[in-house]
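Novice: can you look at this prediction? I've put the sequence above it.
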Amino acid sequence: MAQINENFIKIPATYLFSEIAKRVTLHKEEHPEVKIIRMGIGDVSLPLPDASVDAMIKAAEEQRKSATFRGYGPEQGYAFLREAIVENDFKAKGIKLEADEIFVSDGAKSDTGNIGDIFDKHNRVAITDPSYPVYVDTNAMAGRAGEPTENGTWTNLVYLKCNAENNFVPALPTEKVDLIYLCYPNNPTGTTLTKDQLSIWVNYAKENNAVILFDAAYEAFITEKDVPHSIYEIDGAKNVAIEFRSFSKTAGFTGTRCGYTVVPKQLMGFTSDGSKVALNKLWNRRQTTKFNGTSYAVQRAAEGTYSIEGKKQVQTLIDFYTENARIIREGLQQAGYTVYGGVNAPYIWAKSPEGLGSWEYFDYLLKEKNIVTTPGAGFGASGEGYVRFSAFSSREDTIEAMNRLKR
Ligand code: PLP
């Protein structure tokens with residue numbers, strides 16, 4: 001009898017995006033004449049930078065000739081990309097890392113989901129609430145989350161509430177935790193932590209031999225000075241943190257797929273008898289066993305984002321979405337809504353008008369304004385009472401949506 005991992009069936013069906021699709025379809029059927037503007041999704045709308053496309057075409061040509069053909073590459077990523085990452089994303093910002101601390105992948109979803117492989121099932125896990133759903137669901141699959149409860153939480157997870165009451169700055173847990181998921185700039189709230197606020201978490205991790213899993217997928221959207229781009233800007237963070245990065249939102253790679261994970265060599269985990277083990281070695285082992293590398297052409301495309309032209313083109317993409325975010329943030333404020341985020345992130349987190357739940361606010365925006373958002377409750381219990389607007393739409397749609405709200 002092939003017995004299944006029963007943790008999978010404990011996880012409630014993710015009805016968020018299917019429920020949104022159902023409501024949008026119904027609304028369209030009832031009102032075929034209206035133009036619906038989609039501001040719910042986290043997918044980008046602009047194409048890849050030319051520098052990446054040109055690099056992919058060149059790589060494809062290399063693959064046509066036996067002299068330049070490449071088969072399996074290093075599981076950890078080609079040196080050309082790992083070195084470009086170290087130079088541009090870290091050294092240029094005063095952070096010293098080595099190429100063998102960078103693990104290239106097909107994106108941050110895989111890495112944030114797979115990282116649990118190297119940690120024991122009995123670790124106590126803390127996750128900010130609301131959060132990117134992958135953190136909760138992958139811990140549930142691993143049996144680390146315990147049992148689901150009626151209000152959608154899990155018995156063994158420690159939820160770090162982030163809401164307007166605490167200005168979206170999570171308080172340290174009152175019980176001891178071993179693994180801490182932090183995502184800044186945050187999806188879905190679009191909020192950030194300052195260096196001092198992030199230092200509190202680094203210190204907590206040091207004092208408690210905990211590891212921080214820091215998701216910096218939206219780092220490129222940071223505009224304010226005091227917001228760290230990398231957790232390694234904080235003293236001592238290399239001893240306590242793994243960082244995840246993605247080319248998806250930065251350079252339009254959502255369909256092309258490339259990201260990377262930083263596991264500093266000095267970062268240690270512990271065996272049950274308290275001996276130290278380098279997590280870099282474990283992650284290397286995990287990747288070489290279960291992953292065969294990101295495709296050569298895609299790694300060349302990622303490398304292309306670091307050329308002089310590539311950097312300019314990436315900045316143009318970021319500036320475009322950042323301007324959309326400003327239009328949304330200010331548009332919502334002018335329409336009388338209370339909003340958060342959107343300054344250092346492509347997401348704007350809007351408070352539901354008094355008395356409305358997330359889904360009711362979502363329905364109001366859909367039915368009265370023909371705008372699709374994402375109900376905050378879909379990201380966790382603390383997301384109730386908010387909706388997420390994404391800045392990834394076209395400029396025309398973004399402006400039109402805000403005009404509708406102000407009307
Ligand atoms: N981390 C966060 C916080 C995200 O919002 C997303 C995608 O929406 C990802 C990771 C996944 O990124 P990737 O496309 O690199 O898998």
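Specialist: Cool, got the structure. Just so it is clear, the structure is predicted and the values come from calculations on it, not from any experiment.
Novice: where do the strands sit along the stretch 301-407 of the chain?
Specialist: For the stretch 301-407 of the chain, strands defined by DSSP state E, counting those that start in this stretch occupy the ranges 339-341, 347-351, 371-372, 374-375, 386-390.
Novice: dump those strands into CSV; add mean pLDDT and distance to the ligand as well.
Specialist: Just so you know, the C-beta spots here come from the backbone N, C-alpha and C atoms, and that holds for glycine as well. Formatted as CSV, the strands of the stretch 301-407 of the chain follow (pLDDT from 0 to 100; distance: least, Cβ to the nearest ligand atom, whole Å):
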stretch, mean pLDDT, distance to the ligand
strand 339-341, 98, 13
strand 347-351, 97, 9
strand 371-372, 97, 17
strand 374-375, 96, 11
strand 386-390, 97, 10
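Novice: comparing those, which comes out most buried?
Specialist: Mean neighbours per residue, mean count of other Cβ atoms under 10 Å, is largest over the strands of the stretch 301-407 of the chain for strand 386-390, with a mean of 29.
Novice: paired strands for it, with orientation please.
Specialist: Within its sheet, strand 386-390 is paired with strand 347-351 (antiparallel), strand 374-375 (antiparallel), according to DSSP bridges.
Novice: residue contacts, the residue nearest in space to the middle of the chain?
Specialist: Nearest to the mean C-alpha position of the chain, counting by Cα atoms, centre = their mean, stands A217 at 4.5 Å. When contacts are counted by Cβ atoms under 8 Å, 6 or more residues apart in numbering, A217 touches A108, C183, N187, F244, R245, S246, S248, K249, G259.
Novice: need the residues you listed in JSON lines with secondary structure and distance to N166, can you?
Specialist: Formatted as JSON lines, these follow (DSSP: H, G, I helix; E, B strand; the rest coil; distance: Cβ to Cβ, whole Å):
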{"residue": "A108", "secondary structure": "helix", "distance to N166": "26"}
{"residue": "C183", "secondary structure": "strand", "distance to N166": "16"}
{"residue": "N187", "secondary structure": "coil", "distance to N166": "18"}
{"residue": "F244", "secondary structure": "strand", "distance to N166": "24"}
{"residue": "R245", "secondary structure": "strand", "distance to N166": "27"}
{"residue": "S246", "secondary structure": "strand", "distance to N166": "27"}
{"residue": "S248", "secondary structure": "helix", "distance to N166": "29"}
{"residue": "K249", "secondary structure": "helix", "distance to N166": "26"}
{"residue": "G259", "secondary structure": "strand", "distance to N166": "30"}
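Novice: most neighbours of all those residues, which one?
Specialist: When neighbours are counted by other Cβ atoms under 10 Å, R245 leads those with 28 neighbours.
Novice: pretty sure that one sits against G107.
Specialist: No - the pair R245 / G107 is not scored as a contact, 9.9 Å apart, by Cβ atoms under 8 Å.
Novice: identify the contacts common to those two.
Specialist: Counting by Cβ under 8 Å, 6+ apart, the residues touching both R245 and G107 are G259.
Novice: can you put the strands paired with strand 386-390 in TSV and add distance to R388?
Specialist: What follows is those, written out as TSV (distance: least, Cβ to Cβ, whole Å):
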stretch	distance to R388
strand 347-351	6
strand 374-375	4
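Novice: low-confidence ranges in the stretch 301-407 of the chain?
Specialist: Across the stretch 301-407 of the chain, nothing is flagged by pLDDT under 70.
Novice: end to end, how far does stretch 82-100 reach?
Specialist: With Cα to Cα, to the nearest Å as the measure, stretch 82-100 spans 8 Å from end to end.
Novice: other residues contacting that stretch?
Specialist: With contact meaning Cβ under 8 Å, 6+ apart, stretch 82-100 is reached by 76, 79, 101-102, 104, 229-230, 232-233, 245, 260, 262, 264-265, 280, 303, 306, 311.
Novice: run the last query once more with 7 Å
Specialist: The contact list for stretch 82-100 (Cβ atoms under 7 Å, 6 or more residues apart in numbering) reads 79, 102, 104, 229-230, 232-233, 245, 260, 262, 264, 303, 306.
Novice: so G383 touches F362, yeah?
Specialist: No - distance between G383 and F362: 11.6 Å, which falls outside the contact criterion (Cβ atoms under 7 Å).
Novice: between those two, tell me which one has more neighbours.
Specialist: Neighbours around G383 and F362, counted as other Cβ under 10 Å, are more numerous at F362. The numbers are 26 against 23.
Novice: contacting residues for I127?
Specialist: Each residue near I127 by Cβ under 7 Å, 6+ apart is listed here: Y135, V136, L157, Y159, L160, Y181.
Novice: neighbour-wise, which one of these leads?
Specialist: Result: Y135 is most packed of these (other Cβ under 10 Å), 26 neighbours.
Novice: ok, that one to the ligand distance?
Specialist: According to Cβ to the nearest ligand atom, to the nearest Å, Y135 stands 9 Å off from the ligand.
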